[in-house]
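Engineer: Below are the sequence and a predicted model; questions follow.
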Amino acid sequence: MGRYLDRMKADRHLIGYSSGNFGKNLMLGSVDVTLLFLLTDLLGIDPQSVSLLMLLVFGADLVLDLGAGWLAAWAQNRGTGYRRLIVLGTLPCAAAFVLIYSLPLLGAKSIAAIALVIIFFRAAYAVIDVPHNSLLARVATDSRARGRASGYRTVFSSAASALIATVLVPFMVTAGQPATAGQLSRLGVTGGTVFCAAMWFAAWSAQEEDGRGERQVRPSARIVILPKLDRLFGAFAIVALVTGFATPVFSKMMLYISTYVLKEPGFAGRILLTITLGQLAGAALWIFLVRSRDKTVLLAASHGMAGCGVWLFSMAGEHTWWLTASAALIGVGFGGVFMLPWGILADMTDFAEFRHGERRETATFATVLVLLKAGGVGSAVAIGWTLGKLGYVPGVAQSDAVIQGMKLLAFGVPILGSLIAIATLRRLAVGHEVHARVVRANLERQRRLAAASRPV
């Protein structure tokens, strides 16, 4: 126990940096969960118009993330740095969040005006999200430390998700009545304040290091918007698409499965909360194991555990305890699935620097964010298209074809995605020891370049 506490004390700057994930997930998760309800039920906007609006926002998201990557690289080259960019971008992002939840109070009805508000929020969020993620490659250079930092990030993200599930969602509809405009506005102010505190604390806590534990000051050679598209990044891109597209399908389908297969709609909330709690336990497990096992091995094990949990869930029938236990196992697996790729991605910036002689942190993280978001939207589109083709009609008993289609989506897609990820990870030779040698080689190259540039 004493050794564990000593490790936590040594990692306090990593924990402080990771606390930013609480603020980020609280903000983005709140909007993702409540925005559709706010637009349709509180502002009375036609659902079809809302769908078009969301498609517009998604298209803007892809450009905004790449643009935020370019901005972060420019700021780093100009000496502003990731931490200062986070500090400067936090307040506008919080203001945009408050503005979204003040739309009913302002009586907003114009689709164009609402679209501008949402895009402003997404742009402001991207400005702090890309540099905060990129900081993972600088707050620690040791592969194991990055794995622990990824775990701490997952703990904070899961805590925010639990808060959203237990506080925010019930707040939106109290005693069967939607929250008032004034209540929503105060909610926005409260959430924005918590977000500012979390992000400013994270920026203050983050301590950039080089391979010797000293402050890291090396800038990128030039500003780019894309990483080097080699085989290593291509393999990781497959893992990222699985993480964004296939894995979340289980959670997205849970309301359908609970309503039409298990015939108990309220069970979906309990399952999702169990998965969230399982992710917290999983993060602790993977943080412990990353000390002695490579992150790629652990990520493959996480996918294996999640896939087994989904299979057990599909075989559980209507046995509540068996379903809950399977959901807990899925959550532990998901803890690693969503945690470990970030540490691996931070390591890949060092491998890319070693191979190509150029460091593209922000471009790498921004591109992966785009892949994750594209996967998430793609899964939502695939679910809607598939259900529509099968003849799904909301609120009525479904045909056998629809039921089987729901099961195939909820269970088959995540399991197939995990198998693809496991096969791909076997080709990612980016373990702890290899990474340590690469970091030393990069430092030696920097020393030689610095010595050659000194005047004789």
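Structural biologist: The structure has been received and is ready for your questions. Residues are numbered from 1 along each chain as shown.
Engineer: Tell me how many other residues crowd Gly44.
Structural biologist: By other C-beta atoms under 10 Å, 9 other residues sit near Gly44. Just so you know, the C-beta spots here come from the backbone N, C-alpha and C atoms, and that holds for glycine as well.
Engineer: which parts of stretch 353-365 are buried?
Structural biologist: Under the neighbour-count criterion of 16 or more other C-beta atoms under 10 Å, stretch 353-365 has 353-354, 359-365 buried.
Engineer: Could you check how far it is from the centre of its chain?
Structural biologist: Relative to its parent chain, stretch 353-365 has a centroid offset of 21 Å by C-alpha atoms, centre = their mean, to the nearest Å.
Engineer: host element of Leu88?
Structural biologist: Using DSSP states H and E, Leu88 falls within helix 81-101.
Engineer: Now the buried residues of stretch 353-365 in a markdown table, please, with extra columns for secondary structure and distance to Gly244.
Structural biologist: Shown next, in a markdown table, are those (DSSP: H, G, I helix; E, B strand; the rest coil; distance: C-beta to C-beta, whole Å):
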| residue | secondary structure | distance to Gly244 |
| --- | --- | --- |
| Glu353 | helix | 25 |
| Phe354 | helix | 27 |
| Arg359 | coil | 25 |
| Arg360 | coil | 21 |
| Glu361 | helix | 20 |
| Thr362 | helix | 19 |
| Ala363 | helix | 18 |
| Thr364 | helix | 16 |
| Phe365 | helix | 14 |
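Engineer: export those residues to TSV and tack on pLDDT and distance to Pro341?
Structural biologist: Below are those laid out as TSV (pLDDT from 0 to 100; distance: C-beta to C-beta, whole Å):
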residue	pLDDT	distance to Pro341
Glu353	86	19
Phe354	87	20
Arg359	82	19
Arg360	82	17
Glu361	83	15
Thr362	84	17
Ala363	84	17
Thr364	88	12
Phe365	88	11
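Engineer: picking up where we left off before, which strands or helices does the helix holding Leu88 pack on?
Structural biologist: Under the contact criterion of 3 or more C-beta pairs under 8 Å, 6 or more residues apart in numbering; DSSP states H and E, helix 81-101 touches helix 20-37, helix 47-77, helix 111-134, helix 181-205.
Engineer: which one of those helices lies closest to Arg445?
Structural biologist: The closest of the helices and strands packed on helix 81-101 to Arg445 is helix 47-77. By C-beta to C-beta, the value is 19.3 Å.
Engineer: In the closest one, which residues are buried?
Structural biologist: By 16+ other C-beta under 10 Å, the buried positions in helix 47-77 come out as 50, 53-54, 57-58, 60-61, 64-73, 75-76.
Engineer: returning to what we had before: which single one of the buried residues of stretch 353-365 is nearest to Phe267?
Structural biologist: Phe365 (36.8 Å).
Engineer: From what I see, that closest one and Asn133 are in contact.
Structural biologist: Yes: here Phe365 lies in contact with Asn133, judged by C-beta atoms under 8 Å, at a distance of 4.5 Å.
Engineer: Does the closest residue to Gly69 other than its chain neighbours lie in a helix or a strand, and which?
Structural biologist: Spatial nearest neighbour of Gly69, chain neighbours left out: Ala366 (2.8 Å); criterion: C-beta to C-beta, 6 or more residues apart in numbering. Using DSSP H and E, Ala366 sits in helix 361-390.
Engineer: name the helices or strands packed onto whichever helix or strand comes after that helix?
Structural biologist: The helix or strand immediately downstream of helix 361-390 is helix 400-407, counting by DSSP H and E. With contacts taken as 3+ C-beta pairs under 8 Å, 6+ apart, helix 400-407 sits against helix 361-390.
Engineer: Helix 47-77 and the helix it packs on, what's the angle between them?
Structural biologist: For helix 361-390 against helix 47-77, the angle by axes from the mean of the first three to the mean of the last three C-alpha atoms, to 10 degrees is 170 degrees.
Engineer: rank the helices and strands packed on helix 81-101 by mean pLDDT and give me the bottom one.
Structural biologist: Among those, helix 47-77 carries the lowest mean pLDDT, at a mean of 80.
Engineer: got the domain boundaries for the chain?
Structural biologist: Under the assignment automatic domain parsing, the domains of the chain span 13-209, 224-456.
Engineer: picking that back up, could you quantify the relative orientation of the helix holding Ala366 and helix 20-37 as an angle?
Structural biologist: Between helix 361-390 and helix 20-37, the angle comes out at 30 degrees (the same axes, to 10 degrees).
Engineer: any weak-confidence spans in the stretch 351-456 of the chain?
Structural biologist: Residue ranges of the stretch 351-456 of the chain with pLDDT under 70: 450, 453-456.
Engineer: Repeat the analysis, applying 90 as the threshold.
Structural biologist: Applying pLDDT under 90 to the stretch 351-456 of the chain flags residues 351-402, 406, 426-456.
Engineer: give me the number of residues near Asp230?
Structural biologist: With other C-beta under 10 Å as criterion, Asp230 counts 13.
Engineer: Check Gly395 too.
Structural biologist: Gly395: 6 neighbours (other C-beta under 10 Å).
Engineer: same thing with the one 3 residues further on?
Structural biologist: In terms of burial, Gln398 registers 20 neighbours under the definition other C-beta under 10 Å.
Engineer: Next up, the contacts around it.
Structural biologist: Going by C-beta atoms under 8 Å, 6 or more residues apart in numbering, Gln398 touches 260, 392, 406.
Engineer: in terms of contact, does the last one touch Tyr260 like I think?
Structural biologist: It refers to Met406. Yes: with contact defined as C-beta under 8 Å, Met406 reaches Tyr260; the gap is 6.5 Å.
Engineer: out of those two, which sits in the more crowded spot?
Structural biologist: Per other C-beta under 10 Å, whichever of Met406 and Tyr260 has more neighbours is Met406, with 22 against 18.
Engineer: For Thr320, see how far away that one is.
Structural biologist: From Met406 across to Thr320, the span is 19 Å (C-beta to C-beta, to the nearest Å).
Engineer: can you check Gly395 too?
Structural biologist: 24 Å.
Engineer: And for Asp32?
Structural biologist: In terms of C-beta to C-beta, Asp32 sits 28 Å off from Thr320.
Engineer: Kindly report the same for Trp311.
Structural biologist: 18 Å.
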